[in-house]
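[1] whatever this is, show me its structure:
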Amino acid sequence: MSQNKLPNATAVLVLGIISIISCCCYGIGLVPGIVGMVLASKDQKEYLANPELYSNYSNLKVGRILCIIGIVICGLYLCLMAYMWFVLGEDGMRELQMKLEEMQRANQ
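    Residues are numbered from 1 along each chain as shown. Below is the predicted model:
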């Protein structure tokens, strides 16, 4: 009997990587992370129903873990941004950005 590959395992892996890479882009990484988790859930149910039919469950597990890590990092980043926004306010954020730009120019 030949083993098939899970249909979304590679997509989940790619979405997990994208989620981690884009986690500091104002929460954009949440979208691929959540989509990856939904796809992983569907494939995991398929695999658990008939584990002998599928061969690439390890890719699905790694992709799922990457999606979880991406979602957690995005959540922490968004909490940090919200905290800074409420503590510093809009003017404080602008001043912080200007100071960072000055430091970058001084280091060049």
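[2] could I get the full set of helices for the chain?
    Under the criterion DSSP state H, the chain contains helices at 9-21, 30-49, 57-107.
[3] against which helices or strands is the last one packed?
    Think helix 57-107. helix 9-21, helix 30-49 (3 or more Cβ pairs under 8 Å, 6 or more residues apart in numbering; DSSP states H and E). The way it works is simple: take the backbone N, C-alpha and C, and place the C-beta from them, glycine included.
[4] now do the shortest one: everything it contacts.
    Judged by Cβ atoms under 8 Å, 6 or more residues apart in numbering, the contacts made with helix 9-21 from elsewhere in the structure are 29-30, 32-33, 35-36, 39-40, 43, 56-57, 59-60, 62-67, 69-71, 73-74.
[5] list the buried residues of that helix.
    Within helix 9-21, the residues that qualify as buried are 9, 11-13, 15-20, counting by 16 or more other Cβ atoms under 10 Å.
[6] and it, how far from the chain's centre?
    8 Å (Cα atoms, centre = their mean, to the nearest Å).
[7] pLDDT of it, averaged?
    Averaging pLDDT along helix 9-21 yields 95.
[8] use 7 as the first number for this chain going forward.
    All right, first residue 7 from here; so that's helix 15-27.
[9] what angle sits between that helix and helix 63-113?
    Following axes from the mean of the first three to the mean of the last three Cα atoms, to 10 degrees, one obtains 20 degrees for the angle between helix 15-27 and helix 63-113.
[10] got the angle for helix 15-27 vs helix 36-55?
    With the same axes, to 10 degrees defining the directions, helix 15-27 sits at 150 degrees from helix 36-55.
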